[in-house]
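# Below: sequence and its predicted model.
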Amino acid sequence: MRYGIIAALLLAMVSCHRDNDPFLGHWTVEKVHVDFNEQIATPEMVRQYGELEKGNIIEITQDSIMTFISDGDTLRGTCSLKGNQIMLDGKFFGRYEDAQIHTEVSTPMGKIKVHYKKAPHRGAV
């Protein structure tokens with residue numbers, strides 16, 4: 001009986017700690033920087049790519065599952081934080097610095113950098 005109570009208390013302590021983890025939660029785009037080769041991409045293309053990225057959402061749950069939603073596509077996998085590097089299914093996804101998530105995508109036209117901020121608490125996806 002005593003071991004059951006101790007185990008329950010330990011589980012509650014770990015759960016409470018994870019609830020307060022600043023990395024977990026719902027993340028929305030704060031800023032997008034599109035750095036495309038001006039000889040390949042028109043200003044309208046740059047604007048359109050930037051607008052598309054603004055709809056991205058990242059959800060990170062207590063069971064280390066990340067859901068990334070971008071333009072109707074959903075990517076889901078196991079994430080981990082190694083130093084400031086965010087790994088998704090063992091592959092580099094982005095960086096976690098200054099309470100923000102930073103991602104960078106290379107395209108044939110150039111790079112797109114997206115900065116995410118944590119949104120107010122909401123229900124899980």
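Perfect, I can see it now. Residues are numbered from 1 along each chain as shown.
# Quick one: residues in contact with stretch 75-93.
Taking CB atoms under 8 Å, 6 or more residues apart in numbering as the criterion, the residues outside stretch 75-93 that touch it are 23, 60, 64-69, 94-97, 101, 103. Placement of C-beta: from N, CA and C, glycine included.
# Now, these that are in strands?
I60, I65, M66, T67, F68, I69, G94, R95, Y96, E97, I101, T103 (DSSP state E).
# Could you find the closest non-adjacent residue to the last one?
The shortest distance from T103 to any residue that is not its chain neighbour, by CB to CB, 6 or more residues apart in numbering, is 3.8 Å, and that residue is G94.
# residues touching the one you found, list them.
Q85, I86, I101, H102, T103, E104.
# Which ChimeraX command selects the buried ones in the residues you listed?
To isolate the buried subset of the contacts of G94 in ChimeraX, counting by 16 or more other CB atoms under 10 Å, use the following:
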select :86,101,102,103
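# Can you add pLDDT and distance to P43 and give the contacts of G94 back as JSON lines?
Below are those laid out as JSON lines (pLDDT from 0 to 100; distance: CB to CB, whole Å):
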{"residue": "Q85", "pLDDT": "95", "distance to P43": "33"}
{"residue": "I86", "pLDDT": "95", "distance to P43": "31"}
{"residue": "I101", "pLDDT": "97", "distance to P43": "27"}
{"residue": "H102", "pLDDT": "97", "distance to P43": "24"}
{"residue": "T103", "pLDDT": "97", "distance to P43": "23"}
{"residue": "E104", "pLDDT": "96", "distance to P43": "21"}
